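Q: Sequence and predicted structure, then a few things I'm wondering about:
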Amino acid sequence: MSSKRKHNEINGDPVPDKHLYKAGGPKDDDIYFMAVALLFAKKSLDPNTKVGACIVNQEGNIVGIGYNKMPNGCEDEFPWERKAENRLETKYPYVCHAELNAIMNKTSMDVKGCTIYVTLYPCNECAKLIIQSGIRHVVYLTNKYPDTEETQASQRLLDAAGITQRQRNDPCSLLSSIDSSAE
Ligand SMILES: O=c1[nH]c(=O)n([C@H]2C[C@H](O)[C@@H](COP(=O)(O)O)O2)cc1CO
């Protein structure tokens with residue numbers, strides 16, 4: 001048998017094209033997955049920026065969820081400050097980003113070929129994780145810091161690796177309608 005892959009595969013099993021989930025396809029499930037990412041962002045204790053991430057495989061199943069938090073077991077050990085005279089007194093050296101947590105918490109063998117829905121455009125460190133994990137698509141809600149070196153390096157990395165990136169910000173209206181019907 002030829003070693004060349006003829007089909008898309010999930011855990012080694014061939015999957016016909018028609019069964020593959022297409023982000024932005026006719027059913028446009030994007031909105032629901034971004035809403036899930038937004039819901040998990042709400043769990044973050046970061047007082048300034050709460051980020052959620054949701055990884056979806058090619059069948060349209062959620063295989064990873066995460067939000068920005070301090071490392072497991074040290075949740076109360078580190079500050080949430082943005083600014084301090086000493087950077088070691090800020091959150092930045094310690095916080096685990098939403099994308100890292102979603103990839104580490106994956107429920108499948110791997111996340112190759114998956115789409116990551118993230119409420120903030122990934123930084124360069126997360127871009128590296130995304131590329132190395134085999135994720136192929138990034139869908140983001142906001143790009144709060146477009147001019148920073150981290151964001152620009154991230155864009156270069158994702159572009160170079162051929163990772164598709166697109167913005168979907170309409171889940172805000174979906175969520176606000178859920179919020180108001182629950183009141
Ligand atoms: O891709 C990301 N994923 C992620 O979880 N974060 C987190 C780290 C911080 O807790 C927060 C950013 O904080 P701030 O906006 O105050 O600088 O967002 C930040 C980025 C982008 O930098």
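A: Sure, I can see it.
Q: Would you mind listing the buried residues in the strand or helix carrying L39?
A: In this assignment (DSSP states H and E), L39 forms part of helix 30-41. Neighbour counts over helix 30-41 (16 or more other CB atoms under 10 Å) mark 30, 32-41 as buried. C-beta: built from backbone N, CA, C; applies to glycine.
Q: For those, give me TSV that also has distance to G162 and pLDDT.
A: As requested, those are exported to TSV (distance: CB to CB, whole Å; pLDDT from 0 to 100):
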residue	distance to G162	pLDDT
D30	20	85
Y32	26	87
F33	21	93
M34	22	92
A35	27	89
V36	26	94
A37	23	96
L38	27	92
L39	30	94
F40	27	96
A41	27	97
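Q: Can you sort out which of those also neighbour the ligand?
A: The subset of the buried residues of helix 30-41 within reach of the ligand, by CB under 6 Å from any ligand atom, is empty.
Q: hang on, R166 packs against N143?
A: No. With contact defined as CB atoms under 8 Å, R166 does not reach N143; the gap is 11.2 Å.
Q: okay, these two: which has more neighbours?
A: Comparing R166 with N143 by neighbour count (other CB atoms under 10 Å), the higher total belongs to N143, at 16 against 11.
Q: Where does pLDDT dip in the chain?
A: Counting by pLDDT under 70, the chain has low-confidence residues at 1-28, 171-183.
Q: Spell out which residues of it are next to the ligand.
A: 46, 48-49, 51, 68, 82, 91, 95, 97-99, 120, 122-123, 126, 150.
Q: and of those, the nearest to K112?
A: Using CB to CB, E99 comes nearest to K112 of these, at 15.6 Å.
Q: And what about the residue nearest to the closest one when sequence neighbours are not counted, helix, strand or coil?
A: Using CB to CB, 6 or more residues apart in numbering and skipping the chain neighbours, the partner closest in space to E99 is C126 (4.0 Å). At C126 the chain is in helix, as set by DSSP: H, G, I helix; E, B strand; the rest coil.
Q: This completes my enquiry, with thanks.
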